[in-house]
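[1] what follows is a predicted protein model with its sequence.
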Amino acid sequence: MNIIVLVKQTFDTEEKIITEGGKIAEDGVKFVLNPYDEYAVEQAIRIRDDQGGKVIVVSAGPERTSETLRTALAMGADEAVLLNDERIGSDEHAVAHALHAFVGTESYDLILGGNFSVDNGSGQVAVRLAKLLGIPHVSSITKLEIADGRAVCSRDAEGDTEVVEVPLPALFTAQQGLNEPRYPSLQGIMKAKKKPFRELTLDDFGVSVEARTAQAELFLPPQRQAGKLLAGEPAAQVQELFRLLRTKAKVV
């Protein structure tokens, strides 16, 4: 069972976001493996351990992304690939096409990724890749079972559970609850240093990619203002609230 896992390096969710010149300031910021991608890596390792094969983790990003890939290797992945090329950028269309160029050179039975990334929350790259590859995909899974060349998975559906069965190869994106990701052990960290790590560019595949979107502006939401306490009897409070909503907030 050969498994490819799509991962992304994102801001640590505990980091304070600071913008400078319409961009997020990265100086001194801690970057981590996207939390939803952790579920994908963990699931891939479990399937590999149960059925054999290998796990390749791949990411499109700058040089610093290598640290995130080595985290996945320390968790137990077998190989890592970094697509380090400024021409790829962050546009989901372009990233999906870059990943497609790599995946097209590999033999795989299964592709896993996170449901979405915590930095922009688009959740598009994996499903776009599935479309390019022409394989079935199921998003936001919370359970996955592989047997006899088919996959049966579960996902939340408006408070209920939806069960989907698809033939392999197929692509799945992981939701919280799929598993409990392991922490890299000291032994795993040491082994990760000796595992295969490839750094590639678009030139290695002889392809080019085109961005379909561009970030026009980035800014923090306005600072919340202090709340207002209404005095008096309930009837008077209601009248005052209605007046404020109509004259100040202008929502009624």
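    Here it is on my side, so go on. Residues are numbered from 1 along each chain as shown.

[2] partners of the biggest strand by length in the chain, with directions?
    Ranked by residue count, the top strand of the chain under DSSP state E comes out as strand 137-147. For strand 137-147, the pairing partners within the sheet under DSSP bridges are strand 150-157 (antiparallel), strand 170-174 (parallel).

[3] most tightly packed of the ones you listed?
    Comparing those by mean neighbour count (mean count of other CB atoms under 10 Å), strand 170-174 ranks first with a mean of 26. Glycine gets a C-beta too; all of them are placed from N, C-alpha and C.

[4] now that strand - C-alpha only, PDB.
    What follows is strand 170-174, C-alpha atoms only, in PDB (Å, rounded to 0.1, in the frame of the first residue of the first chain):
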ATOM      1  CA  ALA A 170      -8.700   7.500  -4.100                       C
ATOM      2  CA  LEU A 171      -8.100  10.700  -2.100                       C
ATOM      3  CA  PHE A 172      -9.400  11.500   1.300                       C
ATOM      4  CA  THR A 173      -9.100  14.500   3.600                       C
ATOM      5  CA  ALA A 174      -9.000  14.000   7.300                       C
END
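
[5] show me where the chain has its strands.
    Going by DSSP E, the chain shows strands at 2-6, 9-11, 19-20, 23-24, 31-33, 54-60, 79-83, 110-114, 137-147, 150-157, 160-167, 170-174, 197-200.

[6] hmm, who's touching the fourth one?
    Counting contacts by CB atoms under 8 Å, 6 or more residues apart in numbering, the residues outside strand 23-24 that touch it are 11, 17-18, 218.

[7] then the last one?
    Applying CB under 8 Å, 6+ apart, the contact partners of strand 197-200 are 66, 69-70, 73, 79-85, 102.

[8] if we go to 10 Å?
    With contact meaning CB atoms under 10 Å, 6 or more residues apart in numbering, strand 197-200 is reached by 56-58, 60, 63, 65-66, 69-70, 73, 79-85, 98, 101-102, 105, 204.

[9] also the third one?
    Counting by CB under 10 Å, 6+ apart, strand 19-20 makes contact with 25-27, 217-220, all of which sit outside it.

[10] what's the most distant pair in these?
    Taking CB to CB as the measure, the contacts of strand 19-20 span a maximum distance of 20.9 Å, between Asp27 and Glu217.
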